[in-house]
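Enquirer: Build me a structure from this.
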Amino acid sequence: MKRSQRRLPQQLKRILVVRTDRLGDVVLTLPVLSLLRRHFPQAHIGMLLRRYTGAIVPGNPHLDAVQWYDDDRGDIPFARMFRLMRKERYDAAVVVHPTFRLALLVFLSGIPLRVGSGYRFYSILFNRRVFEHRRGGGRHEVEYNVSLLGALGIPDPVSAAPLEFPIAISEAESEAAETKLRTLGVREGVKRIIIHPGSGGSGKDWPVEHFALLAERLCKNVDVQVLVTGSDSDRDRVQAVVGALGGEAVDLGGACTVRELAAVIRNADLFVSNSTGPLHIASVLGTPVLGFYSQIPGMSPRRWGPYCGRNVVLVPDRPADCTKCLKGESSPCECMASISVGQAYDSALGLIARHNPVLPKETPHA
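Expert: Below you'll find the model as predicted:
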(Lines give C-alpha, C1' and ligand atoms only; values in the text may rest on other atoms or scores of the structure.)
Protein backbone atom coordinates (compact mmCIF):
# COMPACT_ATOMS: atom_id res chain seq x y z
CA MET A 1 0.00 0.00 0.00
CA LYS A 2 1.29 3.45 -0.91
CA ARG A 3 2.36 5.88 1.77
CA SER A 4 -0.36 8.40 0.75
CA GLN A 5 -3.02 5.71 1.23
CA ARG A 6 -1.70 4.61 4.63
CA ARG A 7 -1.47 8.07 6.11
CA LEU A 8 -4.66 9.36 7.66
CA PRO A 9 -5.36 13.12 7.72
CA GLN A 10 -5.34 13.06 11.54
CA GLN A 11 -1.69 11.99 11.41
CA LEU A 12 -0.48 14.93 9.34
CA LYS A 13 2.53 16.61 10.91
CA ARG A 14 3.78 18.98 8.21
CA ILE A 15 1.43 20.79 5.83
CA LEU A 16 2.35 23.20 3.02
CA VAL A 17 -0.09 25.77 1.59
CA VAL A 18 0.93 26.91 -1.89
CA ARG A 19 -0.16 30.33 -3.17
CA THR A 20 2.34 32.07 -5.45
CA ASP A 21 0.21 34.62 -7.30
CA ARG A 22 -0.97 38.08 -6.17
CA LEU A 23 -1.25 39.96 -2.90
CA GLY A 24 -5.05 39.89 -2.72
CA ASP A 25 -5.06 36.18 -3.47
CA VAL A 26 -2.80 35.56 -0.49
CA VAL A 27 -5.04 37.63 1.78
CA LEU A 28 -8.06 35.60 0.65
CA THR A 29 -6.15 32.38 1.40
CA LEU A 30 -5.43 33.24 5.05
CA PRO A 31 -8.53 31.36 6.34
CA VAL A 32 -6.98 28.16 5.00
CA LEU A 33 -4.23 28.54 7.61
CA SER A 34 -6.61 29.09 10.52
CA LEU A 35 -8.78 26.12 9.51
CA LEU A 36 -5.73 23.87 9.24
CA ARG A 37 -4.59 25.01 12.68
CA ARG A 38 -8.04 24.36 14.14
CA HIS A 39 -8.13 20.78 12.84
CA PHE A 40 -4.42 19.91 13.06
CA PRO A 41 -3.32 21.89 16.14
CA GLN A 42 0.05 20.14 16.48
CA ALA A 43 1.02 20.30 12.81
CA HIS A 44 3.81 22.41 11.36
CA ILE A 45 2.11 24.68 8.80
CA GLY A 46 4.19 26.30 6.09
CA MET A 47 3.36 28.48 3.13
CA LEU A 48 5.04 28.77 -0.26
CA LEU A 49 4.92 32.44 -1.31
CA ARG A 50 6.56 35.12 -3.38
CA ARG A 51 8.55 37.63 -1.36
CA TYR A 52 6.36 40.61 -2.25
CA THR A 53 3.10 38.97 -1.22
CA GLY A 54 4.73 37.18 1.71
CA ALA A 55 5.23 40.53 3.39
CA ILE A 56 1.63 40.36 4.61
CA VAL A 57 2.01 37.14 6.69
CA PRO A 58 4.60 37.90 9.44
CA GLY A 59 2.97 37.56 12.83
CA ASN A 60 0.24 35.22 11.59
CA PRO A 61 -0.47 32.98 14.60
CA HIS A 62 -1.35 29.97 12.44
CA LEU A 63 1.79 29.96 10.30
CA ASP A 64 5.03 28.32 11.40
CA ALA A 65 7.28 28.98 8.42
CA VAL A 66 7.46 30.58 4.98
CA GLN A 67 9.26 29.05 2.03
CA TRP A 68 10.13 31.49 -0.74
CA TYR A 69 9.31 30.80 -4.36
CA ASP A 70 11.51 33.59 -5.69
CA ASP A 71 14.56 35.68 -4.91
CA ASP A 72 15.92 39.00 -6.18
CA ARG A 73 16.54 37.45 -9.61
CA GLY A 74 13.06 36.02 -10.13
CA ASP A 75 11.56 32.57 -9.61
CA ILE A 76 13.98 30.13 -8.01
CA PRO A 77 15.18 27.63 -10.66
CA PHE A 78 13.22 24.39 -10.73
CA ALA A 79 16.01 22.05 -9.62
CA ARG A 80 16.90 24.22 -6.64
CA MET A 81 13.25 24.72 -5.68
CA PHE A 82 12.73 20.97 -5.85
CA ARG A 83 15.65 20.34 -3.49
CA LEU A 84 14.43 22.97 -1.02
CA MET A 85 10.91 21.54 -0.93
CA ARG A 86 12.05 17.94 -0.68
CA LYS A 87 14.26 18.85 2.27
CA GLU A 88 11.20 20.04 4.23
CA ARG A 89 9.54 16.58 4.06
CA TYR A 90 5.96 17.82 4.05
CA ASP A 91 3.15 15.28 4.56
CA ALA A 92 0.57 17.28 2.59
CA ALA A 93 0.43 20.17 0.16
CA VAL A 94 -2.64 22.26 -0.61
CA VAL A 95 -2.04 23.94 -3.98
CA VAL A 96 -4.58 26.74 -3.87
CA HIS A 97 -3.75 28.30 -7.25
CA PRO A 98 -2.15 25.58 -9.36
CA THR A 99 0.25 25.78 -12.26
CA PHE A 100 1.98 22.90 -14.01
CA ARG A 101 5.31 23.90 -12.45
CA LEU A 102 3.86 23.89 -8.93
CA ALA A 103 2.03 20.61 -9.43
CA LEU A 104 5.22 18.99 -10.69
CA LEU A 105 7.23 20.39 -7.79
CA VAL A 106 4.93 19.00 -5.09
CA PHE A 107 4.79 15.65 -6.92
CA LEU A 108 8.54 15.25 -7.39
CA SER A 109 9.20 16.50 -3.85
CA GLY A 110 7.63 13.28 -2.59
CA ILE A 111 4.77 14.94 -0.69
CA PRO A 112 2.33 12.05 -0.03
CA LEU A 113 -0.96 14.00 -0.03
CA ARG A 114 -1.30 16.56 -2.80
CA VAL A 115 -4.54 18.57 -2.96
CA GLY A 116 -5.41 20.52 -6.08
CA SER A 117 -7.88 21.15 -8.86
CA GLY A 118 -9.19 18.18 -10.81
CA TYR A 119 -9.74 20.23 -13.97
CA ARG A 120 -6.21 20.80 -15.30
CA PHE A 121 -4.28 18.65 -17.75
CA TYR A 122 -1.71 18.06 -14.99
CA SER A 123 -4.28 17.20 -12.30
CA ILE A 124 -3.01 13.61 -12.36
CA LEU A 125 -0.10 14.95 -10.28
CA PHE A 126 -2.56 15.57 -7.43
CA ASN A 127 -3.96 12.58 -5.56
CA ARG A 128 -6.65 14.52 -3.69
CA ARG A 129 -8.48 16.29 -6.50
CA VAL A 130 -11.26 18.85 -6.04
CA PHE A 131 -13.62 19.18 -8.99
CA GLU A 132 -14.82 22.77 -8.85
CA HIS A 133 -14.66 25.32 -11.66
CA ARG A 134 -13.76 28.84 -10.51
CA ARG A 135 -14.02 30.70 -13.78
CA GLY A 136 -17.79 31.05 -13.64
CA GLY A 137 -17.57 33.01 -10.40
CA GLY A 138 -20.39 31.13 -8.68
CA ARG A 139 -18.76 31.51 -5.27
CA HIS A 140 -16.31 33.81 -3.57
CA GLU A 141 -12.58 33.13 -3.90
CA VAL A 142 -12.40 32.60 -0.14
CA GLU A 143 -15.00 29.83 -0.40
CA TYR A 144 -13.17 28.17 -3.28
CA ASN A 145 -9.94 28.30 -1.30
CA VAL A 146 -11.20 26.77 1.92
CA SER A 147 -13.27 24.14 0.08
CA LEU A 148 -9.99 22.47 -0.90
CA LEU A 149 -9.57 21.43 2.73
CA GLY A 150 -12.44 18.97 2.47
CA ALA A 151 -9.89 16.76 0.69
CA LEU A 152 -7.96 16.57 3.98
CA GLY A 153 -10.99 15.47 5.95
CA ILE A 154 -12.01 18.88 7.30
CA PRO A 155 -15.82 18.81 7.43
CA ASP A 156 -17.78 21.67 5.81
CA PRO A 157 -14.86 24.13 5.62
CA VAL A 158 -16.92 26.71 3.71
CA SER A 159 -19.52 26.94 6.46
CA ALA A 160 -16.93 27.09 9.25
CA ALA A 161 -17.42 30.16 11.37
CA PRO A 162 -15.83 32.47 11.88
CA LEU A 163 -13.26 32.49 9.10
CA GLU A 164 -10.10 34.26 10.24
CA PHE A 165 -7.91 36.68 8.24
CA PRO A 166 -5.17 37.64 10.70
CA ILE A 167 -2.90 40.44 9.49
CA ALA A 168 -0.63 41.50 12.34
CA ILE A 169 0.49 45.12 12.25
CA SER A 170 2.54 46.10 15.30
CA GLU A 171 2.33 49.42 17.11
CA ALA A 172 5.91 50.11 16.07
CA GLU A 173 4.96 49.62 12.42
CA SER A 174 1.93 51.90 12.83
CA GLU A 175 4.05 54.60 14.44
CA ALA A 176 6.67 54.34 11.69
CA ALA A 177 3.96 54.66 9.04
CA GLU A 178 2.52 57.71 10.80
CA THR A 179 5.96 59.31 10.91
CA LYS A 180 6.34 58.79 7.17
CA LEU A 181 2.88 60.26 6.53
CA ARG A 182 3.71 63.38 8.51
CA THR A 183 6.87 63.94 6.45
CA LEU A 184 4.73 63.72 3.31
CA GLY A 185 2.26 66.30 4.53
CA VAL A 186 -0.55 64.21 6.00
CA ARG A 187 -2.38 66.18 8.69
CA GLU A 188 -3.35 64.78 12.07
CA GLY A 189 -6.90 64.87 13.38
CA VAL A 190 -8.52 64.89 9.93
CA LYS A 191 -10.47 62.04 8.36
CA ARG A 192 -8.40 60.17 5.81
CA ILE A 193 -9.73 58.75 2.58
CA ILE A 194 -7.47 56.52 0.54
CA ILE A 195 -8.01 56.56 -3.21
CA HIS A 196 -6.35 53.60 -4.97
CA PRO A 197 -7.13 54.12 -8.68
CA GLY A 198 -5.25 51.14 -10.14
CA SER A 199 -5.88 47.41 -10.16
CA GLY A 200 -2.76 45.90 -11.67
CA GLY A 201 -4.92 44.42 -14.42
CA SER A 202 -6.85 42.15 -12.07
CA GLY A 203 -10.21 43.64 -13.03
CA LYS A 204 -11.97 46.29 -15.08
CA ASP A 205 -11.16 49.78 -13.83
CA TRP A 206 -13.40 52.69 -12.96
CA PRO A 207 -12.07 55.60 -15.08
CA VAL A 208 -9.25 57.53 -13.45
CA GLU A 209 -11.11 60.76 -14.28
CA HIS A 210 -13.99 59.54 -12.11
CA PHE A 211 -11.62 58.88 -9.21
CA ALA A 212 -10.27 62.41 -9.59
CA LEU A 213 -13.75 63.96 -9.64
CA LEU A 214 -14.78 61.92 -6.58
CA ALA A 215 -11.68 63.01 -4.67
CA GLU A 216 -12.21 66.64 -5.69
CA ARG A 217 -15.85 66.58 -4.56
CA LEU A 218 -14.97 65.00 -1.23
CA CYS A 219 -12.21 67.54 -0.54
CA LYS A 220 -14.50 70.41 -1.50
CA ASN A 221 -17.48 69.44 0.64
CA VAL A 222 -16.13 67.44 3.58
CA ASP A 223 -13.29 67.99 6.01
CA VAL A 224 -11.10 65.11 4.80
CA GLN A 225 -7.64 64.57 3.42
CA VAL A 226 -7.18 62.32 0.42
CA LEU A 227 -4.21 59.96 0.20
CA VAL A 228 -3.60 58.46 -3.24
CA THR A 229 -1.88 55.07 -3.25
CA GLY A 230 -0.64 52.72 -5.93
CA SER A 231 2.30 50.68 -7.11
CA ASP A 232 4.96 51.90 -9.51
CA SER A 233 2.93 50.45 -12.40
CA ASP A 234 -0.02 52.66 -11.32
CA ARG A 235 2.11 55.80 -11.42
CA ASP A 236 0.22 57.55 -14.23
CA ARG A 237 -3.14 56.92 -12.59
CA VAL A 238 -1.91 58.12 -9.20
CA GLN A 239 -0.48 61.31 -10.67
CA ALA A 240 -3.68 61.98 -12.61
CA VAL A 241 -5.70 61.98 -9.38
CA VAL A 242 -3.12 63.95 -7.41
CA GLY A 243 -2.74 66.50 -10.19
CA ALA A 244 -6.46 67.04 -10.51
CA LEU A 245 -6.68 68.09 -6.86
CA GLY A 246 -4.07 70.82 -7.18
CA GLY A 247 -2.11 70.02 -4.04
CA GLU A 248 -5.02 68.89 -1.85
CA ALA A 249 -4.08 65.20 -2.11
CA VAL A 250 -1.02 63.42 -0.78
CA ASP A 251 0.87 61.28 -3.29
CA LEU A 252 1.77 57.90 -1.74
CA GLY A 253 2.29 56.13 -5.06
CA GLY A 254 5.20 53.72 -4.64
CA ALA A 255 6.09 55.32 -1.29
CA CYS A 256 5.08 52.46 1.01
CA THR A 257 6.12 48.88 1.50
CA VAL A 258 3.32 46.33 1.75
CA ARG A 259 3.40 46.43 5.54
CA GLU A 260 3.56 50.23 5.66
CA LEU A 261 0.61 50.38 3.29
CA ALA A 262 -1.33 47.98 5.52
CA ALA A 263 -0.62 50.22 8.52
CA VAL A 264 -1.78 53.30 6.60
CA ILE A 265 -4.93 51.51 5.46
CA ARG A 266 -5.76 50.35 8.99
CA ASN A 267 -5.80 53.95 10.21
CA ALA A 268 -7.88 55.31 7.31
CA ASP A 269 -11.57 56.20 7.50
CA LEU A 270 -12.37 54.92 4.00
CA PHE A 271 -10.63 52.97 1.25
CA VAL A 272 -11.82 53.55 -2.34
CA SER A 273 -10.57 51.25 -5.09
CA ASN A 274 -11.08 48.95 -8.01
CA SER A 275 -10.74 45.21 -7.42
CA THR A 276 -7.19 44.88 -6.12
CA GLY A 277 -5.07 43.42 -3.32
CA PRO A 278 -5.02 46.46 -1.03
CA LEU A 279 -8.84 46.48 -1.10
CA HIS A 280 -8.81 43.05 0.54
CA ILE A 281 -6.29 44.24 3.11
CA ALA A 282 -8.63 47.12 3.96
CA SER A 283 -11.60 44.78 4.20
CA VAL A 284 -10.01 42.33 6.62
CA LEU A 285 -8.49 45.12 8.74
CA GLY A 286 -11.94 46.63 9.25
CA THR A 287 -11.50 49.81 7.20
CA PRO A 288 -14.71 50.72 5.34
CA VAL A 289 -14.38 49.89 1.63
CA LEU A 290 -15.97 51.39 -1.47
CA GLY A 291 -15.20 49.09 -4.40
CA PHE A 292 -15.87 49.26 -8.13
CA TYR A 293 -16.42 45.95 -9.91
CA SER A 294 -17.30 44.63 -13.32
CA GLN A 295 -20.45 42.59 -13.81
CA ILE A 296 -18.49 39.96 -15.79
CA PRO A 297 -18.83 36.77 -13.66
CA GLY A 298 -15.13 35.99 -13.38
CA MET A 299 -14.40 39.55 -12.21
CA SER A 300 -17.56 40.20 -10.24
CA PRO A 301 -17.91 41.03 -6.55
CA ARG A 302 -19.50 37.61 -6.06
CA ARG A 303 -16.07 36.16 -6.80
CA TRP A 304 -13.68 38.93 -5.75
CA GLY A 305 -15.58 41.44 -3.61
CA PRO A 306 -14.56 42.55 -0.10
CA TYR A 307 -15.37 39.63 2.17
CA CYS A 308 -15.36 41.27 5.59
CA GLY A 309 -16.38 44.38 7.42
CA ARG A 310 -18.27 47.45 6.24
CA ASN A 311 -18.34 47.91 2.49
CA VAL A 312 -20.30 49.11 -0.50
CA VAL A 313 -19.72 47.65 -3.95
CA LEU A 314 -20.84 49.49 -7.07
CA VAL A 315 -21.42 47.52 -10.27
CA PRO A 316 -22.49 48.83 -13.70
CA ASP A 317 -26.16 48.60 -14.55
CA ARG A 318 -25.34 46.89 -17.80
CA PRO A 319 -25.86 43.36 -19.21
CA ALA A 320 -23.32 40.78 -18.08
CA ASP A 321 -22.45 39.89 -21.70
CA CYS A 322 -21.16 43.35 -22.64
CA THR A 323 -19.25 42.54 -25.83
CA LYS A 324 -16.84 45.48 -25.69
CA CYS A 325 -15.81 44.80 -22.11
CA LEU A 326 -15.38 41.08 -22.60
CA LYS A 327 -13.20 41.59 -25.66
CA GLY A 328 -11.26 44.42 -24.06
CA GLU A 329 -12.17 46.73 -26.95
CA SER A 330 -13.39 49.62 -24.83
CA SER A 331 -10.81 51.71 -22.98
CA PRO A 332 -11.85 53.02 -20.60
CA CYS A 333 -14.51 50.40 -20.12
CA GLU A 334 -17.88 51.93 -21.02
CA CYS A 335 -19.71 49.76 -18.50
CA MET A 336 -17.44 50.79 -15.64
CA ALA A 337 -17.73 54.43 -16.71
CA SER A 338 -21.51 54.15 -16.29
CA ILE A 339 -21.01 54.07 -12.49
CA SER A 340 -21.50 57.75 -11.72
CA VAL A 341 -19.39 59.96 -9.51
CA GLY A 342 -22.60 60.92 -7.72
CA GLN A 343 -23.27 57.29 -6.78
CA ALA A 344 -19.73 56.94 -5.49
CA TYR A 345 -19.88 60.21 -3.53
CA ASP A 346 -23.13 59.28 -1.77
CA SER A 347 -21.77 55.82 -0.97
CA ALA A 348 -18.52 57.26 0.40
CA LEU A 349 -20.35 59.65 2.71
CA GLY A 350 -22.65 56.89 3.89
CA LEU A 351 -19.78 54.59 4.76
CA ILE A 352 -17.89 57.20 6.74
CA ALA A 353 -21.01 58.38 8.54
CA ARG A 354 -22.07 54.94 9.79
CA HIS A 355 -19.78 55.24 12.77
CA ASN A 356 -18.26 58.69 12.43
CA PRO A 357 -20.27 61.81 11.65
CA VAL A 358 -19.24 63.56 8.45
CA LEU A 359 -19.12 67.32 8.94
CA PRO A 360 -19.32 69.72 6.01
CA LYS A 361 -16.57 72.29 5.65
CA GLU A 362 -19.10 75.10 5.82
CA THR A 363 -22.45 75.18 7.54
CA PRO A 364 -25.04 76.35 4.99
CA HIS A 365 -27.08 79.43 5.85
CA ALA A 366 -30.73 78.92 6.82
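
Enquirer: tally of neighbours for A161?
Expert: 4 (other CB atoms under 10 Å). Where C-beta positions appear, they are placed from N, C-alpha and C, glycine not excepted.

Enquirer: Report pLDDT for it.
Expert: pLDDT for A161: 76.

Enquirer: One more: D156?
Expert: Among the per-residue scores, D156 shows a pLDDT of 84.

Enquirer: Check S330 too.
Expert: Predicted confidence (pLDDT) for S330: 52.

Enquirer: mind listing what the nearest residue to L314 once chain neighbours are set aside touches?
Expert: In this structure, L314 finds its nearest non-sequential neighbour in I339, 4.9 Å apart by CB to CB, 6 or more residues apart in numbering. Contacts of I339 were listed using CB atoms under 8 Å, 6 or more residues apart in numbering, and they are 206, 210, 292, 314-316.

Enquirer: could you list every residue that touches Y144?
Expert: By CB under 8 Å, 6+ apart, the residues touching Y144 are 132, 134.

Enquirer: In terms of helices and strands, where is it?
Expert: For Y144, the enclosing helix or strand under DSSP states H and E is helix 141-147.

Enquirer: can you check G46 too?
Expert: strand 44-49.

Enquirer: what packs against that strand?
Expert: Helices and strands touching strand 44-49, by 3 or more CB pairs under 8 Å, 6 or more residues apart in numbering; DSSP states H and E, are strand 14-18, helix 30-39, strand 65-68.

Enquirer: most packed of the ones you listed?
Expert: strand 14-18 (a mean of 24; mean count of other CB atoms under 10 Å).

Enquirer: Would you map out the domains in this structure?
Expert: The chain breaks down into these domains under automatic domain parsing: 3-159, 171-353.

Enquirer: where does the stretch 1-150 of the chain have low pLDDT?
Expert: Of all residues in the stretch 1-150 of the chain, those with pLDDT under 70 make up the ranges 1-10.

Enquirer: returning to that earlier point: need the domains of the chain in JSON lines (columns: distance to F165).
Expert: JSON lines is the format used below for these (distance: least, CB to CB, whole Å):
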{"stretch": "domain 3-159", "distance to F165": "5"}
{"stretch": "domain 171-353", "distance to F165": "4"}
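
Enquirer: Tell me which two in the contacts of I339 are the farthest apart.
Expert: H210 and V315 (14.3 Å; CB to CB).

Enquirer: For the residue lying closest to R37 once chain neighbours are set aside, give me its contacts.
Expert: Leaving out its chain neighbours, the residue that sits closest to R37 by CB to CB, 6+ apart is H62, at 4.0 Å. Counting by CB under 8 Å, 6+ apart, H62 touches 33-34, 36-37, 45, 164, 166.

Enquirer: how close does S294 sit to E141?
Expert: According to CB to CB, to the nearest Å, S294 stands 15 Å off from E141.

Enquirer: Ok, L23 next?
Expert: 13 Å.

Enquirer: what's the answer for N221, then?
Expert: From N221 to E141 the distance is 36 Å (CB to CB).

Enquirer: same thing with P112?
Expert: P112 is 27 Å from E141, where distance means CB to CB.
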